[in-house]
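Asker: what's the 3D shape of this:
(one chain, ligands or ions: 1)
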Amino acid sequence: MKHLIDPTDLSVEEIDGILNLALDIISNKERYSEACKGKKLATLFFEPSTRTRLSFEAAMMELGGNVLGFSSADSSSATKGESVGDTIRVVGCYADIIAMRHPKEGAPMLGSMVSPVPIINAGDGGHNHPTQTLTDLLTIKREKGDLNNFTIGLCGDLKFGRTVHSLIKALSRYEGIKFILISPKELKVPDYIITEVFEKNNIDYEEVTTMEEVMSKLDIIYMTRVQKERFFNEADYVRLKDTYILDKSKLKNAKETLSIMHPLPRVNEISTELDDDPRAAYFRQALNGKYVRMALILTLLGVNV
Ligand code: CP
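Answerer: Prediction:
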């Protein structure tokens, strides 16, 4: 039995297999419509979500399976003091696979140690978000045609943004990728990403504080929201929240082939005036999330179509 807790739990070959399966699902939706008949997915969300939870649920429904779960800790027995381990042991009696989001880093890992069924980390605190990473990789593959040889700018809250941490870890295993990290000094990527990912693997990276100085070099710009819920101090959040707002004027020197990505939800980081720009990939990205989660569910359940 395999769980997905960290993006590196999957080898590059396994990731490529999941992405190729997602592409096949996109082309042959009908063929997969009963693939998970009789199977149940539990979505245990101890923290809010729109895309991740609903795309998981839509994914299982489109595979012919069923879903159960809760969308906030308040509606679960966590409020009575039940541990994550006990919750997982119990839900594992009712479901064939579990997608779990939790504000505490490491909670899905803890769950996986006692789970009788596969556990998928649907986001743990500011740590990892591996299924967003699969979504991002499928989006890059569809938008760019390749997961190698490009320059990506990661912009915004690189300290608390779990999507950024997971994406860097996953992309670091592909060839010829240059990372440009765009953040205020207070929101730089954690030191372990610099030492354990970039420096250890001799990966090309650069840290800057404005998007304008690097825009012309970018093949992809990956915008992120300042993670209000992870700040200890409201004043710091207010001071930093609108540091970067991507709008038409900022794209003056951008490539015509640029892809604009964002894991969403967006607050002010991308002006809505860009939503109709063909380079805006973020809503296509959200749709890719459903297909890649269908592929992941099939893979972890060992269902072959
Ligand atoms: N991208 C993402 O994780 O969105 P949600 O928080 O809405 O699930």
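Asker: Would you map the strands across this protein?
Answerer: Using DSSP state E, the strands of the chain run over 40-45, 66-70, 97-102, 119-124, 150-155, 177-182, 205-208, 220-223, 259-261.
Asker: Distance to the ligand for those strands - can I get that in a markdown table?
Answerer: (Glycine included, C-beta is placed from N, CA and C.) Output for these, formatted as a markdown table (distance: least, CB to the nearest ligand atom, whole Å):
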| stretch | distance to the ligand |
| --- | --- |
| strand 40-45 | 8 |
| strand 66-70 | 14 |
| strand 97-102 | 7 |
| strand 119-124 | 6 |
| strand 150-155 | 15 |
| strand 177-182 | 19 |
| strand 205-208 | 23 |
| strand 220-223 | 12 |
| strand 259-261 | 11 |
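Asker: In CSV, list the ones you listed along with distance to Pro278 and mean neighbour count.
Answerer: Converted to CSV, these look like this (distance: least, CB to CB, whole Å; neighbours: other CB atoms under 10 Å):
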stretch, distance to Pro278, mean neighbour count
strand 40-45, 33, 24
strand 66-70, 34, 18
strand 97-102, 32, 27
strand 119-124, 29, 27
strand 150-155, 18, 22
strand 177-182, 22, 22
strand 205-208, 26, 15
strand 220-223, 14, 26
strand 259-261, 10, 25
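Asker: Mean pLDDT and distance to Glu34 for the ones you listed - can I get that in JSON lines?
Answerer: Output for the strands of the chain, formatted as JSON lines (pLDDT from 0 to 100; distance: least, CB to CB, whole Å):
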{"stretch": "strand 40-45", "mean pLDDT": "98", "distance to Glu34": "15"}
{"stretch": "strand 66-70", "mean pLDDT": "98", "distance to Glu34": "12"}
{"stretch": "strand 97-102", "mean pLDDT": "98", "distance to Glu34": "17"}
{"stretch": "strand 119-124", "mean pLDDT": "97", "distance to Glu34": "22"}
{"stretch": "strand 150-155", "mean pLDDT": "98", "distance to Glu34": "38"}
{"stretch": "strand 177-182", "mean pLDDT": "98", "distance to Glu34": "39"}
{"stretch": "strand 205-208", "mean pLDDT": "98", "distance to Glu34": "45"}
{"stretch": "strand 220-223", "mean pLDDT": "98", "distance to Glu34": "36"}
{"stretch": "strand 259-261", "mean pLDDT": "98", "distance to Glu34": "33"}
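Asker: Tabulate the ones you listed (CSV), appending distance to Glu57.
Answerer: Compiled in CSV, the strands of the chain are given as follows (distance: least, CB to CB, whole Å):
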stretch, distance to Glu57
strand 40-45, 6
strand 66-70, 5
strand 97-102, 9
strand 119-124, 11
strand 150-155, 29
strand 177-182, 33
strand 205-208, 37
strand 220-223, 26
strand 259-261, 23
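Asker: Relative to Leu138, which of the ones you listed is closest?
Answerer: Across the strands of the chain, Leu138 has its closest neighbour in strand 259-261 (11.4 Å, CB to CB).
Asker: Could you name the helices and strands sitting against the closest one?
Answerer: Judged by 3 or more CB pairs under 8 Å, 6 or more residues apart in numbering; DSSP states H and E, the packing partners of strand 259-261 are helix 130-144, strand 220-223, helix 282-301.
Asker: Dump these to TSV, plus distance to Ser55.
Answerer: Below are the helices and strands packed on strand 259-261 laid out as TSV (distance: least, CB to CB, whole Å):
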stretch	distance to Ser55
helix 130-144	8
strand 220-223	19
helix 282-301	4
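Asker: Buried residues, the lowest-mean-pLDDT helix or strand in the chain. List them.
Answerer: Using mean pLDDT, DSSP states H and E, helix 234-240 stands out as the lowest-scoring helix or strand of the chain, at a mean of 85. Across helix 234-240, burial judged by 16 or more other CB atoms under 10 Å covers Tyr237, Leu240.
Asker: quick one: contacts of that helix?
Answerer: Residues from elsewhere that reach helix 234-240, judged by CB atoms under 8 Å, 6 or more residues apart in numbering: Asp157, Pro184, Glu186, Leu187, Val226, Lys228, Phe231.
Asker: Let's see that with 7 Å instead.
Answerer: Pro184, Glu186, Leu187, Val226, Lys228, Phe231 (CB atoms under 7 Å, 6 or more residues apart in numbering).
Asker: Return the residues of this structure in contact with the ligand.
Answerer: For the chain, the contact set with the ligand under CB under 6 Å from any ligand atom comprises Ser49, Thr50, Arg51, Thr52, Gly123, Gln132, Pro263, Leu264, Pro265.
Asker: how about the contacts of helix 234-240, which pair is most distant?
Answerer: The farthest-apart pair in the contacts of helix 234-240, when distances are taken by CB to CB, is Pro184 and Lys228, at 15.0 Å.
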